[in-house]
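# my questions concern the predicted model and sequence given below.
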Amino acid sequence: MSTNFLNRIMVALYSNPWVKKRWSQNFNALETDMIPWTPLQKPLSQCKIALLTTGGVHLKNDKPFDMEDKNGDPTYRKIPSTAVQEDITITHKYYNHSDADKDINLVLPLDILRDVQQEGLVGESAEFFYSFMGHIDKHHIKTLVEQTAKDVAHQIKQEKVDIAVLVPA
């Protein structure tokens with residue numbers, strides 16, 4: 001049985017509300033007491049914005065996320081803030097992204113951000129946005145928390161981003 005076929009079955013199975021409820025009752029999420037909150041020091045209209053997604057989004061010419069590892073892929077992809085929907089694809093088999101394939105704004109709100117920027121509600125975009133694969137388990141959690149997330153946080157800090165918006169898939 002192929003991994004792709006098994007993944008499609010699991011996505012369909014976990015779409016069932018009863019299965020989803022039973023799974024969530026036994027799921028132990030990673031918890032922390034630390035909340036990375038910093039009050040804004042300037043108006044939203046002057047804030048530099050970065051988008052982050054867990055939707056497995058990447059440029060069509062980038063390396064896809066690893067769908068063979070059942071514990072996920074703890075890496076990330078950089079997406080230029082100038083990218084348009086035609087430049088982007090989704091590699092993620094752990095959720096149904098058929099609607100996001102039609103409108104990437106559901107998991108990476110590029111056009112929505114541009115609209116509010118044109119209205120002057122928020123400041124400029126960071127040079128890059130970041131995408132992760134939302135299905136991370138076992139040893140990859142440590143990699144994500146201790147390496148990958150820190151690397152992305154460092155890059156965002158280097159760019160002097162004021163607000164990072166995380167859009168879950």
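Nice, I can see it.

# for stretch 141-149, give me every contacting residue.
Residues from elsewhere that reach stretch 141-149, judged by CB atoms under 8 Å, 6 or more residues apart in numbering: 30, 74, 75, 76, 132, 136. Placement of C-beta: from N, CA and C, glycine included.

# could you rerun that using 10 Å?
30, 32, 52, 71-76, 130, 132-133, 136, 140, 150, 152 (CB atoms under 10 Å, 6 or more residues apart in numbering).

# same question for stretch 98-111.
Residues contacting stretch 98-111 (CB under 10 Å, 6+ apart): 51-57, 79, 81-90, 92, 95, 97, 112-116, 125, 129-131, 134, 165, 167-169.

# inside strands: which ones of the residues you listed?
51-53, 57, 79, 88-90, 129-131, 165, 167 (DSSP state E).

# what about the residue lying closest to residue 59 once chain neighbours are set aside, how many residues close to it?
Counting by CB to CB, 6 or more residues apart in numbering, residue 87 is the residue found nearest to residue 59 once chain neighbours are left out, at 5.6 Å. Here the number of neighbours of residue 87 (other CB atoms under 10 Å) works out to 16.

# residues in contact with residue 87?
58, 59, 60, 61, 62, 79, 80, 104, 110.
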